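>>> mind folding the following:
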Amino acid sequence: MSVTSSLTRFTSFPDLRGNVWPNLKEGISVLFGSSFRVILLRLFPRRFLPRHVLEVLETLVRAGFPAYVVGGAVRDLLLGLRPKDWDVATAALPEVSQRLFPRTYPSGLRHGTITVLLDGGQVEVTTFRREGPYSDFRHPDTVLFTTELADDLARRDFTINALALDQKGRLQDLLGGKRDLDRRLIRAVGEARARFSEDPLRMLRAVRLAAELGFRIAPSTWQDLLTTAPLLRHVSLERIRDEFSRCLVSPRPVQALEDLRQSGLLAIFLPELLEGVGVTQNEFHRFTVWEHSLLATAAVRPELHLRLAALFHDIGKPRTRTVLEGKVHFFDHEKVGALMTREILTQLRYPGALVEKVVHLVQQHMGLHYTPGMKEAAIRRLLGRVGAENIPDLVALQAADRLASGRKEGELSPGTLELLQRIEAILREKEALTLKDLAINGDDVMAVTGLSPGPLVGQILERLLELVWEDPSLNRRDTLLQKTREIAAEIVKSD
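From the prediction side, this is the model:
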């Protein structure tokens, strides 16, 4: 069974289309491609262009300046998607645009961009321009304002982003973007090697757009991407992180990750993941570590912390793989994986809270282990270790792990289902599971024992929690204060 066929067995994602167009029109538009939407836009521009966007276009045109919606908004309209951001390109110089609108701010004057603020939202307005070389691999060294739309479209990254729409719904397609939309292709404007050399992040953007839209990268663009992939080293890790995150939460993370691997891009910013390529597992897994990780990533909800945890949950396996008596083992792979995950996510500048959450999920991804006859105290310890708040995410990870094995039936084992029922019963009783749930705190311990702040106070609290896990009825202030005195006396005696 291939990775792709296994993926389709147990995952399905909602189609991104259909949230703008009525069902009948959607069916017709799928049949005829973007041509039907072009007709609709021409007939009913005010239905599809928001009022504040039309206001910007019409104000500029009345002042004598051509103006067009450009970029991703036009692409999304032709795909039946709801645009998130609106960009307008115009022949008006920035200072002229500023005078035409009462509320603006200079979001990028050097490159001809201002942001117009209106009641319905904001619109970025940029003067038509030509660009010089990109010596910093991100920004053009020089910008030359122009009055020609063709000049502005020719500087863009991909043909599907080089479409323009005027206030009357008329499409300007000078570079074959509509054709590439219908063919579901990501094709660079002009020579792909030049576009990627200007800003190497565009290579990651090509992979991300293909995964988000269900497109493929045009062969010529792909070949140039393979050649220029090493240039990604010039891009900041923060920018790489943002595109990578969008790849992960896209509807097709397997496609994105495979494109990143095959292109050589992944080796530049996340080589640790490639250690799992070709690494076979034990009899409980049909797929290699790499394939299994991709399938697990696709099997969880498209939330960044879950997708990251699923992708990294077995990253420690290649470094812990051993063969004993003919059987493959990965002892402590979750601990090694947690350490690797922390280092990777920190290096990619992910927020600290997200790093801690993902690292914890990786380390505890096998935490919902159930053995028949498991005592209540053991389940309370389990909850104290993994955190009751993390149970839903750990259940999702375990289900993805099982489904991505290619061997196991059902999302969860009978033992896990029984464990979850018992966990639910314990949570209903609101029993003490963590130090903060105890009836006393560190100040109480110090007041009773005369200890100063330090590790010993924490050790006493930990022992009290162990006692409460065994017998929840002990979680009373007077009882715990007495236990504190007894524990402190034992420590003094042992010293």
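>>> can you count the residues close to the nearest residue to Glu470 once chain neighbours are set aside?
In space, and not counting its chain neighbours, Glu470 is closest to Ala377: 4.8 Å by CB to CB, 6 or more residues apart in numbering. No exception for glycine: its C-beta is placed from N, CA and C like everyone else's. With neighbours defined by other CB atoms under 10 Å, the count for Ala377 comes to 15.
>>> check the one 4 residues further on too.
One way to gauge burial is a neighbour count; for Arg381, by other CB under 10 Å, it gives 16.
>>> and for Thr434?
12.
>>> residue contacts, it?
384, 387, 465 (CB atoms under 8 Å, 6 or more residues apart in numbering).
>>> just put the residues you listed in a markdown table and tack on secondary structure, distance to Leu438 and neighbour count.
Converted to a markdown table, the contacts of Thr434 look like this (DSSP: H, G, I helix; E, B strand; the rest coil; distance: CB to CB, whole Å; neighbours: other CB atoms under 10 Å):
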| residue | secondary structure | distance to Leu438 | neighbour count |
| --- | --- | --- | --- |
| Gly384 | helix | 11 | 19 |
| Gly387 | coil | 16 | 17 |
| Leu465 | helix | 6 | 21 |
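>>> just those now: which is nearest Leu274?
Distance to Leu274 across the contacts of Thr434 (CB to CB) is lowest for Gly387, with 31.3 Å.
>>> helix or strand: which one has the spatially closest residue to the closest one that is not a sequence neighbour?
Counting by CB to CB, 6+ apart, the nearest residue to Gly387 once its immediate chain neighbours are dropped is His360, at 7.3 Å. Per DSSP states H and E: His360 is located in helix 352-363.
>>> and that helix, what does it pack against?
Here helix 352-363 touches helix 304-312, helix 333-347, helix 391-403, going by 3 or more CB pairs under 8 Å, 6 or more residues apart in numbering; DSSP states H and E.
>>> most tightly packed of the ones you listed?
Neighbour counts (mean count of other CB atoms under 10 Å) averaged over each of these peak at helix 304-312, with a mean of 24.
>>> after that one, next one along is what?
Where DSSP H and E defines the elements, the next helix or strand beyond helix 304-312 is helix 317-320.
>>> give me the mean pLDDT for the helix or strand containing Met203.
Using DSSP H and E, the element containing Met203 is helix 201-213. Helix 201-213 shows an average pLDDT of 98 in the prediction.
>>> determine how far that helix lies from the middle of the whole chain.
Offset of helix 201-213 from its chain centre (CA atoms, centre = their mean, to the nearest Å): 13 Å.
>>> residues of that helix that come out buried?
Judged by neighbour count using 16 or more other CB atoms under 10 Å, the buried positions of helix 201-213 are 201-213.
>>> repeat for stretch 49-62
Taking 16+ other CB under 10 Å as the criterion, stretch 49-62 shows 49-50, 52-57, 59-61 as buried.
>>> ok, of those, which one's closest to Arg286?
Pro50 (49.0 Å).
>>> burial count for Arg407?
So Arg407, with other CB under 10 Å, has 13 neighbours.
>>> mind listing what His305 touches?
Neighbouring residues of His305 by CB under 8 Å, 6+ apart: 354, 357-358, 361, 393.
>>> try it again with 6 Å
Contacts here follow CB atoms under 6 Å, 6 or more residues apart in numbering; on that basis His305 touches 354, 357-358.
>>> pLDDT score for it?
98.
>>> from the buried residues of helix 201-213, which two are the most distant?
Farthest pair in the buried residues of helix 201-213, by CB to CB: Leu201 and Leu213, 17.9 Å.
>>> could I get the contacts of His305 as CSV with distance to Gln98 and neighbour count?
Formatted as CSV, those follow (distance: CB to CB, whole Å; neighbours: other CB atoms under 10 Å):
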residue, distance to Gln98, neighbour count
Leu354, 38, 14
Lys357, 43, 22
Val358, 44, 27
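>>> tell me the one among those residues nearest to Glu490.
Nearest to Glu490 among those, with distances taken as CB to CB, is Lys357, at 36.8 Å.
>>> how about the closest one: what's its closest non-neighbour residue?
Per CB to CB, 6+ apart, closest to Lys357 is His305, 5.2 Å.
>>> distance of that neighbour relative to Arg342?
14 Å (CB to CB, to the nearest Å).
>>> returning to that earlier point: the buried residues of stretch 49-62: which two are farthest apart?
Pro50 and Val61 (16.6 Å).
>>> what's the helix or strand for Arg195?
Using DSSP H and E, Arg195 falls within helix 192-198.
>>> that older thread, which among the helices and strands packed on helix 352-363 is found nearest to Phe101?
Short answer: helix 304-312, nearest of those by CB to CB, at 35.7 Å.
>>> now do that closest one against helix 333-347, angle only.
Comparing the axes of helix 304-312 and helix 333-347 via axes from the mean of the first three to the mean of the last three CA atoms, to 10 degrees yields an angle of 130 degrees.
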